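> Show me how the following folds:
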Amino acid sequence: MARPRRSTRAADQPDDQPVMSPTPAVGRKRKAPAAASTGTAARSKRTAAVPLATPPSATKVGLAGTAAPSASAPTGALDAGVAKQDPALAARAHIHLDPSGLARSVKLVLVDVTKNVDKYYILQLLEDPAPPAPAADKGGKKKSKAPASAGAPAFHVFSRWGRTGTAGACKLEGPLDLASAEAAFDKIYMEKTGTKAWGPPGAPVANKYVHVQVAVPSAAAAGSSRAKQPNGPAPVWQYYLTLDPLGKADGWYDYDDDNSKEVETLFLEHASNPSLGVRIVTSESSGFSYRVDLHASRQTNVTSGKVRSIRRATAGAGGPPPAPIAGAVAA
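Residues are numbered from 1 along each chain as shown. Now for the predicted structure:
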C-alpha cells in the first residue's frame, strides 16, 4: 500500500480470500372419475397461484477493475457492482425504503486482526419501479406471468463481498415480489450478523459481521470521493519512507489514489465505530496486505513485518519525520 510507485516486490501475498461463501414429499393421490377432468378440479388447477414477475435468477460476477466500496459514497446510492451486473436495472432502480424510512442498504465487516482477516459484505434491496414486460415465445404467448397490476414494481437483492481493499465479487437475485425480496434480504442479514432481525445497528455478536455506521461529512454526502477539510483541499494519506533501496530520499510520500481512498474509508468508519481502530487492508496494486493501526498512525506489512508511520494530510505535504517506532523492521 504505502510504497513508492514501483513494481519491484514479489507478489507473495498470503491467500485469505473469503469463502462465500430436497426432494418434495409426495402424498397419496386418489384417482378422480374421468368426467372430473373437465369439471371443478381442472378449473381449480388452472387458477392456482402463479409468479407475479419474470422467474427470478441469481447471477454472480467478479468485479476486477472496479473500485473497492467507499464509506464516502452518497447515502442511498446503488453499489457500483449493480451496473456491472445489469446496466439497465442500475439506471432504473433505487434503494428500497422501509415504511419507517429506513434504507435497505448496509455495509457489514468482519475483522479478526489475529488471523489477518478483514472482509466486507454489501447488502442492498433494490426497487425497480418500471420493470420490462416479460418476453414472449414464438407463439406470441408470454414466457411468464405479468405483474398483477400495470406498473407494479419488481425487487432485487444485491450482495457484494471481498477482502477489504479489493473489488471482490457480487450477486444479483431477482426479480422478486416485495415479500420475497425482504425475506431474502433479512435471511442474509441475520446469518451474517447473528442478530434476530434486520434493523438499525445493535450490539455486535462475537465472530459475526458488524453492521457499520458511517458519519460521512457533508462534502462526501454530496458525491465527493473524499470529504474536504474546512477551507482546504481534500485530505490524502501518506507514509514515511526511510532507507529506500532505490535511493529515494527519506520523507513523507502520498499513497496512490486508490489506497488513499481506501484508508480514508477506514478512517470514516472508525470515527463512528470505535472498535474498528485496527484493520487489515489488501492492496490490489501491490498484492500485499497491511495492518493499519489508526490509533498509533502506523501500518505493518503482514508478510515482511515492515512498519511505517502514516498520517492524514494534504497532497504533497512535507514536514518533520515522525517519532521512531520501537522495534520496527527497517524499511
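> Can you give the contact residues for stretch 97-117?
14, 16, 69, 71, 75-76, 95-96, 118-125, 164, 182, 185, 189, 192-193, 198-200, 208-212, 214, 269, 276, 278-280, 289, 291, 302 (C-beta atoms under 8 Å, 6 or more residues apart in numbering). C-betas here are computed from N, CA, C, even on glycine.
> Let's see which of the residues you listed end up in helices.
Here DSSP state H is the test, and these give 182, 185, 189, 192-193, 269 as lying in helices.
> What is the nearest of these to residue 82?
residue 185 (14.6 Å; C-beta to C-beta).
> so who does the closest one touch?
Contacts of residue 185 (C-beta under 8 Å, 6+ apart): 104, 123, 125, 157, 198.
> Also residue 83?
Residue 83 is in contact with residue 90, counting by C-beta under 8 Å, 6+ apart.
> now do residue 172
Here residue 172 is in contact with 58-59, 82, 85-86, 89, 156-158 (C-beta under 8 Å, 6+ apart).
> Following the helix or strand of the chain with the lowest mean pLDDT in sequence, what is the next regular element?
Within the chain, no helix or strand scores below helix 40-46, which has a mean of 34 by mean pLDDT, DSSP states H and E. Going down the chain from helix 40-46, the next helix or strand is strand 57-62, by DSSP states H and E.
> how about the following helix or strand past that following strand as PDB, C-alpha atoms only?
Per DSSP H and E, the first helix or strand lying C-terminal to strand 57-62 is helix 80-85. The C-alpha trace of helix 80-85 is given here as PDB (Å, rounded to 0.1, in the frame of the first residue of the first chain):
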ATOM      1  CA  ALA A  80     -21.100   0.100  -8.400                       C
ATOM      2  CA  GLY A  81     -21.500  -3.600  -8.800                       C
ATOM      3  CA  VAL A  82     -25.200  -3.300  -9.800                       C
ATOM      4  CA  ALA A  83     -24.200  -1.600 -13.100                       C
ATOM      5  CA  LYS A  84     -21.700  -4.400 -13.700                       C
ATOM      6  CA  GLN A  85     -24.500  -6.900 -13.300                       C
END
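> Okay, buried residues for helix 80-85 please.
Residues 80-82, 84-85 are the ones in helix 80-85 that count as buried (16 or more other C-beta atoms under 10 Å).
> cool, stretch 117-131 as well?
118-128, 131.
> I'd like the mean pLDDT over it, please.
Per-residue pLDDT over stretch 117-131 has a mean of 95.
> returning to what we had before: tell me which of the contacts of stretch 97-117 fall in strands.
95, 118-125, 210-211, 278-280, 289, 291 (DSSP state E).
> if we take those residues, which one ends up nearest to residue 298?
residue 291 (8.7 Å).
> How about the contacts made by the closest residue in space to that closest one that isn't next to it in sequence?
What sits nearest to residue 291 in space, not counting adjacent residues and going by C-beta to C-beta, 6 or more residues apart in numbering, is residue 300, at 4.4 Å. Residue 300 sits next to 290-291, 293, 306-307 when contact means C-beta under 8 Å, 6+ apart.
> Give me the phi and psi angles of residue 194.
In terms of degrees, to the nearest 10, the main-chain angles of residue 194 are phi 70, psi 10.
> ok, it - how many residues close by?
A count of nearby residues for residue 194, using other C-beta atoms under 10 Å, gives 12.
> which residues touch it?
Applying C-beta under 8 Å, 6+ apart, we find residue 194 in contact with 205, 207-208.
> Any regions of this structure where pLDDT drops low?
Within the chain, the ranges that satisfy pLDDT under 70 run 1-56, 65, 70-75, 134-150, 215-233, 316-331.
> how about a cut-off of 50?
3-53, 143-148, 217-230, 327-331 (pLDDT under 50).
> Which positions in stretch 90-106 come out as buried?
For stretch 90-106, burial by neighbour count (16+ other C-beta under 10 Å) applies to 90, 92-93, 95-96, 104-106.
> by how many degrees do the helix or strand harbouring residue 162 and strand 57-62 diverge?
Using DSSP H and E, residue 162 sits in strand 154-163. Strand 154-163 and strand 57-62 are oriented at 30 degrees to each other (axes from the mean of the first three to the mean of the last three C-alpha atoms, to 10 degrees).
> partners of strand 154-163 in the sheet?
strand 117-128 (antiparallel), strand 169-176 (antiparallel) (DSSP bridges).
> any chance of the ones you listed in JSON lines, with distance to residue 236 too?
Output for the strands paired with strand 154-163, formatted as JSON lines (distance: least, C-beta to C-beta, whole Å):
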{"stretch": "strand 117-128", "distance to residue 236": "22"}
{"stretch": "strand 169-176", "distance to residue 236": "28"}
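> in the stretch 201-331 of the chain, which spans are helices?
For the stretch 201-331 of the chain, the helices defined by DSSP state H, counting those that start in this stretch cover 218-221, 257-272.
> need those helices in JSON lines with mean neighbour count and distance to residue 235, can you?
Listed next are the helices of the stretch 201-331 of the chain as JSON lines, based on neighbours: other C-beta atoms under 10 Å; distance: least, C-beta to C-beta, whole Å:
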{"stretch": "helix 218-221", "mean neighbour count": "16", "distance to residue 235": "11"}
{"stretch": "helix 257-272", "mean neighbour count": "21", "distance to residue 235": "7"}
